[in-house]
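**Student:** pasting the sequence and the predicted coordinates here, then a few questions.
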Amino acid sequence: VQLTESGGGSVQTGGSLRLSCVASGRTDGRYCMGWFRQAPGKEREGVALINGAGGTGYSLSVKGRFSISKDNAKNTGYLQMDRLNPQDTAMYYCAIRLYSGCSWSKGDFDYWGQGTQVTVSA
């Protein structure tokens, strides 16, 4: 399984970005996809999760601003990010966990993308 993210970039406070994550080699969609982020000097943290049935979860810091979705036919996951602020600046990674439910623990995920940078200026 290979994950490829795209959609990162630089925006001003209040702007929006949509990240995409294409999963190659996995076609049935029955996995948990998570979006994580890591800012310089900080731990990688979970941002949003979506399970095989479409159930979602969000960290408190992004709830109400970010939306995770998945198109199983395209094997692609998305993270819509609205009302961005400088605290959202980080490298964003998608990850999938096979054969099990979702987890907020990064160690529970089986495959990771290379990351895409999001920078929000004041």
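**Tutor:** Okay, I see it. None of these values were measured; they are calculated from a predicted model.
**Student:** where does the residue nearest the centre of the chain fall, secondary structure wise?
**Tutor:** What sits nearest the mean C-alpha location of the chain, by C-alpha atoms, centre = their mean, is Trp35, with 2.2 Å. With elements delineated by DSSP states H and E, Trp35 resides in strand 31-38, which encompasses its position.
**Student:** the helix or strand following that strand pairs with which strands, and in what direction?
**Tutor:** Heading C-terminal from strand 31-38, the first helix or strand you meet, by DSSP H and E, is strand 45-50. Strands flanking strand 45-50 in the sheet, each with its direction: strand 31-38 (antiparallel), strand 56-58 (antiparallel) (DSSP bridges).
**Student:** what about Val118, distance to Tyr31?
**Tutor:** In this structure, Val118 and Tyr31 are 24 Å apart, going by C-beta to C-beta, to the nearest Å. For every residue, glycine as well, the C-beta is placed using N, CA and C.
**Student:** the two: which is more packed in?
**Tutor:** Tyr31 (26 against 22; other C-beta atoms under 10 Å).
**Student:** identify the residues contacting that one.
**Tutor:** The neighbourhood of Tyr31, defined by C-beta atoms under 8 Å, 6 or more residues apart in numbering, consists of Gly52, Ile96, Arg97, Leu98, Tyr99.
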